[in-house]
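Chemist: no sequence on this one, just coordinates:
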């Protein structure tokens, strides 16, 4: 009997428009926050924290892509390129100017947002699949530019080594410290996105996704809002790129190629287009998939493959599973893991009186 | 050829493991863990698929002969598909499992691992790629490039060409064809420096990834530039394509020298087999065979 | 070397034309699928790769001669085409574009993974019984493999143009592409034509795989030429077979000229870059390409 809305009466507009209007939602969020921010870093080992760190960074990226693809309905295959823009901006700022992270992260995001807006300019004329192909071209062109323009890429090597961020004089080195560092940005991203989609801009995005011609008729300047969507989404991507740089220790465009863009697209689709929880689910799912496949095959793989084939099989199996799961989700549950979660939640809403 | 080469790398990694043994506390079962990374499904998978089993075979060989000073070596291999985040995760896993040294695979991975290795004080080996400057132990105390780095390969290549062309490179033309990414570019500064010293003419030709079509570059090299020698620094699927393209354009393979990663058996086979690649010069870490 | 320049240009042009026709081979498969089922196939490169693996695998494992392994590849790809249409495309009918796109992207990953698992990651050779030595036509060199590829492309162009214009099946397919509901009302079995379109695309990919595999040798990376198909079809028009050929020619020539003339200034790699810039320009000016049909959006 988890009647969620029963007995909740709101007496002011502020209460009605709050981010989490129901008390049970507030408790749930607080519990999760406590679990992930306090308990997890203290109790999990370094290895598991490193996996969580990768997931955290992916969440930020997935949120950004979901804004563009899920809320505004524009397909973008260029997410990886925007990440590399952010990464290289930050890396250059660090190596040339020694800028601290609270400058480089916004700077990387802003630079990526700028490039994202430029890439969004064709959306004035083209839409749908043509826009997707244009973003694909942008991905490849940006990759090429970074590779060849040495003052961006730092010379022949085209990758820049970046020291760990320094917070109040201590360098953040251990996985635990990095976890809390990344968690800060993830919380910021989640809160920001939640507020964005409830705001005027967010509603304009949703209108564009649903019926863009009707939106234009009622007075939404769709070109301007599309550019905003590209810019905001690329801002998130840029920040993700910078976070990767700090976490991995280098900025290298080879890590942000088209496979990465496709990974993030998979995250938002599997997770659920147009929902924040969906982005989180998707990020967790896609990041964990190769790791879980590897664990599984290491322990039980001898049932299926001969020993020397096993090592070969692991990454190929993960690729096959990745593609297969995308297709499976598209066929079976097009609204992704988010819909599955909602189904579960709705079931418990009226349980046990489900009639 | 590949297997023996893999064995050389295995020896190198094993040597590092021995170095670590000196400072390691005795494990209960006399087992030393060495971590390794590999890549079987990414751009350089044609290499990884041969090397990685070879390394495992070599460790098995060592273990079957009693291990190193009585310690069995447990070799953990994790595939990271040439992605740095996966490499970091693999590193943490191997570190968590008590690895005493880690063999890193892939140039960007080496660069990323450099900081972590120094922080965690674990020696890392990067055979045949990675940061060439890590040969300087003072700046990179935890990174050991145990087989020829790109700088060494580049320099060795120029020396070979010099010998082949009669001991003097003044006025000769050398073409350097490379894979258009950081690893491919690494020998360029060395070769350019040598160019100033030796006085030969150099032009570089970039082949963009994935390196499966290079028709225009080949035309440019063979028809327009007509060098006296070509230094070939491609890897992955590209070298076999290059061999075919050279033949197709009528450029004699005896004027081509391939750096280590373009010198595998599969590259020759991929180009059509031994008779096709007659005269192709290759470079290898350890002297193996006489082809 | 002023007297050599025009020769070099000629060489670049011919190489561009040949490579361009080989690109068209892949693009024709893409166009077939789009024309008949309105689906953007991101897995076209993987089809070509898979077909190449089938041919190379048949030749290696069972020692079949070239013609037999080519036929095996064709047969295999037809089966694959039918199967994929059933499993992947059928549930996607009526879904938004992004779902179909993602489904083909997922398909691409599956094909890549299974090909490597089934055939191993080593590079394989396809032995085409044509010589490796090029024909010389003045300063221009024509490698026989590329001639074969170009020839196959042109044959397909002729065949498919006739097919869609004159034959009953072809016209039915065009009807299905125009409007599924009306076609069903007219008694056309839409599902059968979908399957047929995918099977035909499979055949084209099979021959593409054999030719590209002979030129480049088959391995996991062969799939990446599939990305090149996008500039080709955008230039030529997503639903036009002749557009695929013309687009391929343009892309091939532009690539080679760019690589030959711009590379020395920019440090290399323009060949990947130039077709995409061209593609963006075309998208801005005339999104439907040279031969494509204008899409009219109805509210």
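Modeler: Received the coordinates, thanks. This one's a predicted model, so the numbers in the text were calculated from it and none came from an experiment.
Chemist: any low-confidence regions in chain B?
Modeler: Applying pLDDT under 70 to chain B flags residues B:1-30, B:40-49, B:128-139, B:146-149, B:181-182, B:208-217, B:219-224, B:236-237, B:248, B:260-291.
Chemist: which parts of it belong to which domain?
Modeler: Residue ranges for each domain of chain B read B:2-144, B:150-282, as given by automatic domain parsing.
Chemist: close to chain C: what parts of the stretch 101-250 of chain A are there?
Modeler: By the rule Cβ under 8 Å from any Cβ of the partner chain, the part of the stretch 101-250 of chain A lying against chain C is A:122, A:125-126, A:128-130, A:132-134, A:136-138, A:140-141, A:144, A:147-148, A:213-214. No exception for glycine: its C-beta is placed from N, CA and C like everyone else's.
Chemist: please repeat the previous calculation with a cut-off of 10 Å.
Modeler: By the criterion of Cβ under 10 Å from any Cβ of the partner chain, the positions of the stretch 101-250 of chain A lying close to chain C are A:119, A:121-122, A:124-134, A:136-141, A:143-145, A:147-150, A:211-214, A:217.
Chemist: buried among those residues? Make that a PyMOL selection.
Modeler: Filtering these down to the buried ones (16 or more other Cβ atoms under 10 Å in any protein chain shown) takes a single PyMOL command:
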select buried, chain A and resi 119+122+126+127+128+129+130+131+132+133+134+136+137+138+139+140+141+143+144+145+147+148+212
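Chemist: can you pull the contacts of residue B:170?
Modeler: With contact taken as Cβ atoms under 10 Å, 6 or more residues apart in numbering or on different chains, residue B:170 is in contact with B:198-201.
Chemist: can you list those residues in a markdown table and add neighbour count and distance to residue B:227?
Modeler: What follows is the contacts of residue B:170, written out as a markdown table (neighbours: other Cβ atoms under 10 Å in any protein chain shown; distance: Cβ to Cβ, whole Å):
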| residue | neighbour count | distance to residue B:227 |
| --- | --- | --- |
| B:198 | 18 | 15 |
| B:199 | 12 | 15 |
| B:200 | 23 | 10 |
| B:201 | 15 | 8 |
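Chemist: poorly predicted segments of chain C, please.
Modeler: Applying pLDDT under 70 to chain C flags residues C:1-5, C:64, C:120-141, C:217, C:219-221, C:263-269, C:294-299.
Chemist: which SSE is immediately downstream of the helix or strand residue C:76 falls within?
Modeler: Assessed by DSSP states H and E, residue C:76 sits inside helix C:66-84. Where DSSP H and E defines the elements, the next helix or strand beyond helix C:66-84 is helix C:97-119.
Chemist: ok now that following helix, how far from the chain's centre?
Modeler: In terms of Cα atoms, centre = their mean, to the nearest Å, the centre of helix C:97-119 is found 16 Å from the chain centre.
Chemist: any residue of it touching chain B?
Modeler: Yes. For helix C:97-119, a contact with chain B is found by Cβ under 10 Å from any Cβ, at C:112-113, C:116-117.
Chemist: okay, now residue 27: neighbour count?
Modeler: In the absence of a named chain, this looks at chain A. Around residue A:27 sit 11 other residues, with neighbours defined as other Cβ atoms under 10 Å in any protein chain shown.
Chemist: look at chain C instead
Modeler: Counted with other Cβ under 10 Å, residue C:27 comes out at 32.
Chemist: tell me the contacts of residue A:258?
Modeler: By Cβ under 10 Å, 6+ apart, the residues touching residue A:258 are A:77-81, A:136, A:139-140, A:143, C:224, C:227.
Chemist: run the last query once more with 8 Å
Modeler: The contact partners of residue A:258, by Cβ atoms under 8 Å, 6 or more residues apart in numbering or on different chains, come to A:77, A:80, A:136, A:139-140, C:227.
Chemist: report the separation between residue C:44 and residue C:205.
Modeler: Distance, residue C:44 to residue C:205, using Cβ to Cβ, to the nearest Å: 7 Å.
Chemist: just residue A:277 next, same as before
Modeler: Using Cβ to Cβ, we find residue A:277 at a distance of 40 Å from residue C:205.
Chemist: compare those two (neighbour count), which wins?
Modeler: More neighbours surround residue C:205 than the other of residue A:277 and residue C:205, with 35 against 16 (other Cβ under 10 Å).
Chemist: how many neighbours does the closest residue to the more buried one other than its chain neighbours have?
Modeler: Nearest residue to residue C:205, sequence neighbours excluded (Cβ to Cβ, 6 or more residues apart in numbering or on different chains): residue C:47, at 3.8 Å. By other Cβ under 10 Å, the residues close to residue C:47 number 31.
Chemist: now do the SS call for the residue in the stretch 1-150 of chain A positioned nearest to chain C.
Modeler: The minimum distance from the stretch 1-150 of chain A to chain C, using Cβ to the nearest Cβ, falls at residue A:137 (4.0 Å). Look at residue A:137: counting by DSSP: H, G, I helix; E, B strand; the rest coil, its state is helix.
Chemist: that one reaches residue C:280, doesn't it?
Modeler: Yes. The pair residue A:137 / residue C:280 is scored as a contact, 5.3 Å apart, by Cβ atoms under 8 Å.
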